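Colleague: Sharing a model prediction with you, sequence too.
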Amino acid sequence: MNRLDTVNMLLKEIGMTPVGSLDDNHPDVESALAVMDRIHNSKLLRGWWFNVDYDVTLTPDNTLSHITFSNEIRTAVPEDCTLVKRDRKLYDTVNNTYAFAGPQVMKTLTRIVAWDECDSSFQDYIAYLSAAQFVREELEDSAKETSLKEDAQQALVTLTDLDLEMGQYNVFDNARVRRARGGVRPYRGVIQ
């Protein structure tokens with residue numbers, strides 16, 4: 001589903017005729033796009049299999065030795081827990097500096113990706129959630145809003161199932177669990 005199809009879905013929900021382009025000078029198109037973009041960006045923050053990068057090495061720039069994040073990067077989890085993302089730059093909380101001598105590794109980077117780069121199941125979820133929000137703002141029709149929220153919940157179930165399948169997450173695949181399990185030996189009782 002492309003952005004135009006989604007906007008037309010939102011317009012249909014409030015009883016408006018579809019548009020042929022997102023550039024149409026129609027006030028409801030602007031409102032629909034604003035709702036879609038707000039929900040799209042907020043729901044991407046959770047991190048899905050298609051917008052999270054793992055084990056990314058970032059190098060400081062040559063002038064100030066700062067590591068700067070682009071606008072599309074919303075969250076960064078460094079391997080070193082004393083580092084944080086602050087003011088779109090990596091900050092060392094122990095040494096109180098933005099300057100780094102060498103590259104730093106991020107365990108995960110969560111990005112805001114464009115609509116077309118998102119999986120279709122995510123697009124469906126955002127479309128229904130946006131439609132519910134749009135109906136609430138434009139029509140104040142609680143019955144229609146509730147119906148659309150139920151559709152959004154069903155789309156979220158599908159999306160979450162796909163995320164679990166594609167992400168292949170494993171509770172045992174983390175450093176803390178590996179350290180804990182590394183020191184445990186199987187119990188070997190002495191038989192007398």
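Modeller: Thanks, I have the structure now. Numbering: from 1, shown residues only.

Colleague: Tell me, domain by domain, which residues of the protein belong where.
Modeller: 3-47+114-167, 52-111 (automatic domain parsing).

Colleague: Using CSV, lay out those domains together with mean neighbour count and mean pLDDT.
Modeller: Every residue, glycine included, has its C-beta placed from N, CA and C. As requested, the domains of the chain are exported to CSV (neighbours: other Cβ atoms under 10 Å; pLDDT from 0 to 100):
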stretch, mean neighbour count, mean pLDDT
domain 3-47+114-167, 17, 95
domain 52-111, 14, 94
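
Colleague: residues in contact with the residue nearest to the spatial centre of the chain?
Modeller: The centre of the chain sits closest to Leu44, judged by Cα atoms, centre = their mean, with a distance of 2.2 Å. Going by Cβ atoms under 8 Å, 6 or more residues apart in numbering, Leu44 touches Asn51, Arg74, Thr110, Arg111, Ile112, Val113, Cys118.

Colleague: Repeat the analysis, applying 10 Å as the threshold.
Modeller: Leu44 sits next to Phe50, Asn51, Val52, Glu72, Arg74, Thr110, Arg111, Ile112, Val113, Cys118, Phe122, Ile126 when contact means Cβ atoms under 10 Å, 6 or more residues apart in numbering.

Colleague: Out of those residues, which comes closest to Ile14?
Modeller: Of all the contacts of Leu44, Ile126 has the smallest distance to Ile14: 17.3 Å, by Cβ to Cβ.

Colleague: and the gap between that closest one and Pro18?
Modeller: 18 Å (Cβ to Cβ, to the nearest Å).

Colleague: Kindly report the same for Ser130.
Modeller: For Ser130, the distance to Pro18 (Cβ to Cβ) stands at 16 Å.

Colleague: Run through who's touching stretch 77-91.
Modeller: 47, 52, 54-58, 60, 64, 66-71, 73-76, 92-95, 97-100, 104-110, 175.

Colleague: With stretch 19-33 instead?
Modeller: Contacts of stretch 19-33 (Cβ under 10 Å, 6+ apart): 2-4, 6-11, 13-14, 16-18, 40, 130-131, 133-134, 137-138.

Colleague: Which members of the residues you listed occur in helices, if any?
Modeller: 3-4, 6-11, 13, 40, 130-131, 133-134, 137-138 (DSSP state H).

Colleague: And the furthest pair within these?
Modeller: For the ones in helices among the contacts of stretch 19-33, the maximum inter-member distance is 20.2 Å, found between Leu4 and Glu137 (Cβ to Cβ).

Colleague: quick one: the helices in this protein?
Modeller: Going by DSSP H, the chain shows helices at 3-13, 27-44, 120-138, 142-167, 175-182.
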